[in-house]
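Asks: Need coordinates for the below:
(chains A and B)
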Amino acid sequence: MKTFDYFRPATISDAVAAAAEPGAAYLAAGTNLLDLMKGGVTGPSRLVDVTRLPGLDRIERLPDGGIRIGALVRNADLAHDPDFAKTYPAIAEALLSGASAQLRNAATVGGNLLQRTRCSYFYDVASACNKREPGAGCEARGGENRLHAVLGWSEACIATHPSDFCVPLVALDAVVEIEGRNGKREVAVEALHRLPGDTPERDSVLEPGELIVALRLPGEARAFSAHARYLKVRERTSFAFAVVSAAAGLRIEHGTIRDARLALGGVAAKPWRARAAEEILAGLSPGPDAFHRAAKAALADAKPSGDNQFKIELAQRILVRTLTLAAAGTPRRIPALPASPFSSVSGALHDA
Amino acid sequence: MNLSISLTVNGVRRDVELGDPRVTLLDLLRERLHLTGTKKGCDRGQCGACTILVDGRRINSCMALALSHDGADIVTIEGVSRGDQLHPVQAAFIAHDGFQCGFCTPGQIMSAIGLIGEGQAGDDPERVREGMSGNLCRCGAYSGITDAVLDAQQSLIEANQRRRA
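Replies: Residues are numbered from 1 along each chain as shown, chains lettered A, B, ... in the order given. Next up, the predicted model:
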């Protein structure tokens, strides 16, 4: 690991000033950053440790019924906050389906949003990667790419965004509060992450020094709490990133879907909101016909970036399954295997 | 740059001059304090062999920068028994054959103590397995580990009830 200067600011403005310098990076828990530094994937010359900044570790209820979550709240604390888990159950389930208990105890909300892709070519410093080294080329494009993007990818980069947490966040119109050299601003989580285009080295719209200080969920998102699920296909049942995942929230009145929220994970460089599918569902009766139509619309623009044609069909099936489970109602308690398509109850159907 | 930190490790205050900002809590414990019970497996947050309690929570010490944890209260495998009296989780791992080669065991035991403290798994073996998924055991002692965690949790609950009675 390349060595670095370590700076622990006492205020947000000191942090922003220090992190705006070239070569600087923010450090929160470090569960992703230290891994990248150990592998030589990234080598910041200065770490700005934000873990002691005051006031960023709170979960607050807002007057509109929404919730404001400080950027330093740990993933496990958020997922196990009873009020949060009841109000935004699909988000709690997504959090608990990610990483391991040890990592969730450390990893922060802000860090989860800004974690980097787990594309193996990005991690392997012997491979060409445009995200790691602009202009170097993309070895994933002709390599082992069955887990890569099927939506929004470019010839320059076919990596996916790895977060589970972000998938229900974009479905529910979450917003991040940002502080930077030019003051404060807000960005919808849906607009935070960038598609690769010709500049895959830029994961997000954040400018140098900008710091996510909080995440906000609007009060309207509470309306989906009775019918909200997150589902995630992994190559092993626990402690693995998504091959494909989906978040669904439904508002059902008198047997009709009034409003739907849908997003996909593991399919693109950003958590993928499926608005066309949402529009199809509004006004329909929940059931296989509606769900299949919606799933087809959600993947209408998908195309394989390599040996991953299967992900397009898989994503549709996972959307149908997630919608089916959401329509059946949010479980009273998060299942023993969070977000798993496999039930631990023997005899339950494993196909939608 | 001041690179000295103070930690409480297994109840004892330790002042450490790091000399290098890159030191992780894992390397600090093993190389500076010579507490080698905490194991370095993958060193990348994937295997759980380095699990310790920091301020009562289980984390991967390999993914924790020591400088960032100035002032933390740390418990390692060396700090869980009372003299010759094993911690109930240690005793349960022996009783249930919760290990074979033993390399992952300190991490498994610290993770299990963390899991029991979190109180989320209850007596459901599936929830215990899920809650322990951050600890790999290449000998495959998972069945014994799950039994040990459930048994230890039960004995800790009973011990607490006796104390209250």
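Asks: CA only for contacts and neighbour counts going forward, please
Replies: Will do.
Asks: And for the residue in chain B that chain A sits nearest to, the neighbour number?
Replies: The nearest approach of chain B to chain A comes at B:I59, 4.2 Å away (C-alpha to the nearest C-alpha). By other C-alpha atoms under 10 Å in any protein chain shown, 30 other residues sit near B:I59.
Asks: One more: A:L215?
Replies: Neighbour count of A:L215, defined by other C-alpha under 10 Å: 25.
Asks: And for B:L86?
Replies: By other C-alpha under 10 Å, 12 other residues sit near B:L86.
Asks: Over to the one 5 residues further on?
Replies: Number of residues near B:A91 (other C-alpha under 10 Å) recorded here: 16.
Asks: Assign a three-state SS to B:S143, would you?
Replies: helix (DSSP: H, G, I helix; E, B strand; the rest coil).
Asks: so who does the nearest residue to it once chain neighbours are set aside touch?
Replies: Among residues not flanking B:S143 along the chain, B:G98 sits closest, at 7.5 Å (C-alpha to C-alpha, 6 or more residues apart in numbering or on different chains). Neighbouring residues of B:G98 by C-alpha atoms under 8 Å, 6 or more residues apart in numbering or on different chains: B:A92, B:T105, B:A141, B:Y142, B:S143, B:G144, B:I145, B:T146, B:D147, B:A148.
Asks: so which helix or strand takes in the residue in chain A that chain B sits nearest to?
Replies: As assessed by C-alpha to the nearest C-alpha, chain B sits closest to A:Q102 within chain A, at 4.2 Å. Using DSSP states H and E, A:Q102 sits in helix A:101-106.
Asks: Next: A:T324.
Replies: helix A:310-328.
Asks: Give me the helices and strands touching that helix, please.
Replies: Applying 3 or more C-alpha pairs under 8 Å, 6 or more residues apart in numbering or on different chains; DSSP states H and E, we find helix A:310-328 packed against strand A:228-233, strand A:244-253, helix A:288-298.
Asks: C-alpha coordinates for the shortest one, PDB please?
Replies: Coordinates of the C-alpha atoms in strand A:228-233 are reproduced here as PDB (Å, rounded to 0.1, in the frame of the first residue of the first chain):
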ATOM      1  CA  ALA A 228     -42.200  -3.700  -0.100                       C
ATOM      2  CA  ARG A 229     -39.500  -6.300  -0.900                       C
ATOM      3  CA  TYR A 230     -35.900  -6.600  -2.000                       C
ATOM      4  CA  LEU A 231     -34.700  -9.800  -3.700                       C
ATOM      5  CA  LYS A 232     -31.200 -10.700  -4.700                       C
ATOM      6  CA  VAL A 233     -29.700 -13.600  -6.700                       C
END
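Asks: chain center to that strand, what's the gap?
Replies: 12 Å (C-alpha atoms, centre = their mean, to the nearest Å).
Asks: Averaged pLDDT, it. What do you get?
Replies: Average pLDDT, strand A:228-233: 98.
Asks: same question, stretch B:87-104
Replies: The average pLDDT within stretch B:87-104 is 98.
Asks: With stretch A:293-313 instead?
Replies: The average pLDDT within stretch A:293-313 is 98.
Asks: Run the chain-centre distance for stretch A:219-234.
Replies: Offset of stretch A:219-234 from its chain centre (C-alpha atoms, centre = their mean): 14 Å.
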